[in-house]
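Below: sequence and its predicted model.
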Amino acid sequence: GAGVSQSPSNKVTEKGKDVELRCDPISGHTALYWYRQSLGQGLEFLIYFQGNSAPDKSGLPSDRFSAERTGGSVSTLTIQRTQQEDSAVYLCASSWGNSNQPQHFGDGTRLSIL
Amino acid sequence: QKEVEQNSGPLSVPEGAIASLNCTYSDRGSQSFFWYRQYSGKSPELIMFIYSNGDKEDGRFTAQLNKASQYVSLLIRDSQPSDSATYLCAVHLDSSYKLIFGSGTRLLVRP
């Protein structure tokens, strides 16, 4: 498909487990973003990747959260020792490299921590 | 003060009416402005973007930007029940890649 692809679409796990969320951006898009959206809330910026530059991790809520982007394409967001407050929809977006370009979102991963 | 503010609504309009959604932002250096539509349980979908003062039209949608007043709006003409959704305003701060989102306005179009 031509859009941003995220997997899994749903993830249920026990508190304390680690989870990995995957994002495959639109082909050719050099910028990739992760957001989090809690129920009924707005979008919270987590991390940004642009080309080969160092990522902006300023939105990560704790050191349990990390992300990487391999080969300038696919990205993985990892949450270690999950907590109930981590339950949310995790959205990935991508865009062309210029700062004013629209971001296009994937369908998200709905994460539920039991 | 939030960086991007929207009335949470719900804004209720009858089918066929014009829906007017408003957004204000705090950073005077903001350069680009976006409207996303988000259906319940779905991800945000880009519907309009605007960079310059004035109006930009696309089908039934018109985005209006007034940088002096730090105000951006979205008009939806001939509103349809299928337009019922939450509309998110998003702003790029000056020379920044970060999109700052408002909390969204819920629109209800009554048949």
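Done, it's in.

Please name the nearest non-neighbouring residue to the residue sitting nearest the centre point of chain A.
In chain A, the residue lying closest to the centroid (C-alpha atoms, centre = their mean) is residue A:34, at 3.3 Å. Spatial nearest neighbour of residue A:34, excluding adjacent residues (C-beta to C-beta, 6 or more residues apart in numbering or on different chains): residue A:46 at 4.2 Å. Using the backbone N, CA and C atoms, a C-beta is placed for each residue, glycine as well.

just for chain B, where's the confidence low?
Low-confidence segments of chain B (pLDDT under 70): B:1, B:94-96.

Get me the contact residues on it for chain A.
Residues of chain B lying close to chain A by C-beta under 8 Å from any C-beta of the partner chain are B:31-32, B:34, B:36, B:42-46, B:49, B:51, B:88, B:92, B:95-104.

Next, work out how far apart the residue nearest to residue A:34 and chain B are.
Distance of residue A:46 to chain B, given as C-beta to the nearest C-beta, to the nearest Å: 11 Å.

how many other residues sit next to that residue?
As a burial measure, residue A:46 scores 21 neighbours (other C-beta atoms under 10 Å in any protein chain shown).

what do you get for residue B:54?
10.

again, but for the one 3 residues further on
Other residues within reach of residue B:57 by the criterion other C-beta under 10 Å amount to 12.

how about residue B:56, what does it touch?
B:48, B:50, B:62-65 (C-beta atoms under 8 Å, 6 or more residues apart in numbering or on different chains).

Take those and write them to a markdown table, including neighbour count and secondary structure.
Supplementary listing: these in a markdown table, determined by neighbours: other C-beta atoms under 10 Å in any protein chain shown; DSSP: H, G, I helix; E, B strand; the rest coil:
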| residue | neighbour count | secondary structure |
| --- | --- | --- |
| B:48 | 21 | strand |
| B:50 | 19 | strand |
| B:62 | 18 | strand |
| B:63 | 23 | strand |
| B:64 | 18 | strand |
| B:65 | 20 | strand |
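
ok, of those residues, which one's closest to chain A?
residue B:48 (9.4 Å; C-beta to the nearest C-beta).

I'd say that closest one and residue B:63 touch.
Yes - with contact defined as C-beta atoms under 8 Å, residue B:48 and residue B:63 form a contacting pair (4.4 Å).
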